[in-house]
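Peer 1: pasting the sequence and the predicted model now:
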Amino acid sequence: MHIGVVGAGYVGLITSLAFAHMENHVICMDNDIKKINQLNKGVPTIFEEDLESLLHECLDNKNIVFTNDLQETVNQSDILFIAVGTPPNDDGGVDMTQINEVICQLSKFIHDYKIIINKSTVPVGTQKYIKELLVQKGVSEKNFDVVSNPEFLREGKAIFDFLHGDKIVIGSDSQKLKEILEKLYAPFHIEMIFTTPETAELIKYASNAFLSTKISFINEIANLCNKVGADIDTISYALGLDKRISPQFLKAGIGFGGSCFPKDTKALIKIAKTHGCDLKIVKSAVAVNEDQRILPIHILLDHYGDIKGKTISVLGLTFKANTDDIRESPSLYIIHELIKRGVTVQTYDPIASDEVKKIFPHIKYCSNVYDSLTNSICAIICTDWQEFYNLNLTLLKEKMQVPMIIDGRNIFKLEKVKENRIIYYSVGNGSLK
Ligand code: UGA
């Protein structure tokens, strides 16, 4: 099939490559000409597992082309995916500027039938809104259908998730589309759910809100473990054995970050509010997370009283391992609190994006983990990078002024730190003071 994708960001790029991999002809469009040139040369624009090889495969097979020409994209495609950013507004709502712009631009070029599929995370009612906007801009109703098709891709595992996902959700009010979309997605062999646009749009938010709630729930139990001397990893394992609960997303720590969970939970609360619904559970999940991500600060203050003028190491800046993305990372909130308290911050992350240097230009960025520990009175582990599991604790002790770890991702076992006589705090797996 001939597929156009508007937006070569994280979702647009993965969508383009996955369909190109399945032998479709894909034209992926973005306004950013630098990005387009880079992708046409086979150079990845985001950090993502298997991206480079897939990009090369699709370019070599001539199944994909990147362009900044929207008219050409529309002309060459029967199906047009929209995958542009829907960042949060200041009030927690969804900023629809990019969606509006794309629809207005598209309306100039649609002269024969196109299927418009929205992959961006958008408020409930957007499919209907897009239809109305296109008509308002003069596009004949017989020349398009609009479909909601949310994505469920994890950063770092996005290609795997696209090719081997649990479900494909299609929200449409047009019957004739079903056959075409079944054919489009047939090579993926993934269960398809055909439903109304409103249901599809809400599945996306409900999914992210549920996973966020699971994390906040286990974090609350972990905080209780800290008080009563119970062990959260064993509790998570035991809960996970119950198939009704499932073992996923029960890892306690300093909370969820990233470009999706914090944004989508808040947006869902806002959407519900506009419809007169108070989502108490989702609100609590957000509130628990906001406290959880600065838990290390409370631990530090309880332990030391005053930390002004001290040096503290922040290990890991990204919101999770295997991504360079720092958006809404708990580490950012922790660093902010440390700076506020007059602490000298030394950090290390294997690949965090340079964006962090714009946010905190005056902290120290070290090129290896041991340098970041020099003269420090505490190492706060913020990201579950594999290399932190292999930290040499003898070397750590030599480097630090006070050998103390706050393990925000529960990387270490208590016995291991005990052997090394390190002051240690975990999130619900015990402590050594
Ligand atoms: C998330 C969802 O998992 C995807 O299904 C969804 O498509 C995506 O958002 C999106 O809406 O685009 P992602 O943000 O890449 O994907 O990250 P996750 O792997 O879900 O992790 C989110 C955060 O939760 C991370 O900070 C992670 O450290 C934390 N987390 C995750 C925990 O603290 N405990 C867990 O057990 C699992």
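Peer 2: Thanks, I have the structure now.

Peer 1: got phi/psi on the nearest residue to Met192 once chain neighbours are set aside?
Peer 2: Leaving aside its chain neighbours, Met192 sits nearest to Ile168 (4.7 Å; criterion: Cβ to Cβ, 6 or more residues apart in numbering). The way it works is simple: take the backbone N, C-alpha and C, and place the C-beta from them, glycine included. Main-chain dihedrals, Ile168, degrees, to the nearest 10: phi -120, psi 120.

Peer 1: pretty sure Ile168 is touching Tyr185, no?
Peer 2: Yes - the pair Ile168 / Tyr185 is scored as a contact, 5.3 Å apart, by Cβ atoms under 8 Å.

Peer 1: name the residues contacting each of the two.
Peer 2: Met192 (Cβ atoms under 8 Å, 6 or more residues apart in numbering).

Peer 1: the closest residue to Asn208 other than its chain neighbours and Ser212, how far apart?
Peer 2: Spatial nearest neighbour of Asn208, excluding adjacent residues (Cβ to Cβ, 6+ apart): Asp264 at 4.2 Å. Noted for Asp264: a distance of 8 Å to Ser212, by Cβ to Cβ, to the nearest Å.

Peer 1: what number of residues lie near Arg341?
Peer 2: Burial of Arg341 is recorded as 16 neighbouring residues (other Cβ atoms under 10 Å).

Peer 1: which residue is the nearest non-sequential neighbour of the residue of the stretch 51-200 of the chain found nearest the ligand?
Peer 2: Closest to the ligand within the stretch 51-200 of the chain is Glu155: 3.4 Å, counting by Cβ to the nearest ligand atom. Once flanking residues are discounted, Glu155 sits nearest to Thr323: 4.7 Å by Cβ to Cβ, 6+ apart.

Peer 1: a helix runs through the one you found, doesn't it?
Peer 2: No - assignment of Thr323 by DSSP: H, G, I helix; E, B strand; the rest coil gives coil, placing it outside any helix.

Peer 1: for it, what are its contacts?
Peer 2: 47-48, 155-156.

Peer 1: for Pro403, same thing?
Peer 2: 396-397, 420-423.

Peer 1: may I have the phi/psi pair for it?
Peer 2: Taking degrees, to the nearest 10 as the convention, Pro403 sits at phi -80, psi 90.

Peer 1: how near is it to Lys397?
Peer 2: 4 Å.

Peer 1: around Lys357, how many other residues sit close by?
Peer 2: Per other Cβ under 10 Å, the neighbour tally for Lys357 reads 12.

Peer 1: and the one 3 residues further on, by the same measure?
Peer 2: The local packing of Phe360 (other Cβ under 10 Å) involves 19 other residues.

Peer 1: so how far is stretch 38-49 from its chain's centroid?
Peer 2: Relative to the chain's own centre, stretch 38-49 is displaced by 19 Å; criterion: Cα atoms, centre = their mean, to the nearest Å.

Peer 1: got the CA positions of it in CSV?
Peer 2: The C-alpha trace of stretch 38-49 is given here as CSV (Å, rounded to 0.1, in the frame of the first residue of the first chain):
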residue,chain,number,x,y,z
GLN,A,38,19.9,12.8,8.1
LEU,A,39,17.3,10.0,7.8
ASN,A,40,17.7,9.8,4.0
LYS,A,41,21.4,9.2,4.6
GLY,A,42,20.5,6.4,7.0
VAL,A,43,21.5,8.2,10.2
PRO,A,44,19.1,7.7,13.1
THR,A,45,17.6,10.8,14.7
ILE,A,46,16.6,9.1,17.9
PHE,A,47,18.1,6.6,20.2
GLU,A,48,16.2,3.4,19.8
GLU,A,49,17.0,-0.3,19.8
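
Peer 1: what sits against Leu241?
Peer 2: Pro247.

Peer 1: overlap of the contact sets of Pro403 and Lys397?
Peer 2: 420-422.

Peer 1: specify which member of those is nearest to Asn289.
Peer 2: Using Cβ to Cβ, Ile422 is the member of those that sits closest to Asn289, with 27.7 Å.

Peer 1: where does that closest one land on pLDDT?
Peer 2: pLDDT recorded at Ile422 is 96.

Peer 1: now the one 4 residues further on
Peer 2: We note a pLDDT of 98 for Ser426 in this prediction.

Peer 1: any residues of this structure in contact with the ligand? List them.
Peer 2: 151-155, 208, 211, 215, 249-251, 253, 256-258, 260-261, 264, 319-320 (Cβ under 6 Å from any ligand atom).

Peer 1: of those, buried ones?
Peer 2: 151-153, 155, 208, 211, 215, 249-251, 253, 256-258, 260-261, 264, 319-320 (16 or more other Cβ atoms under 10 Å).
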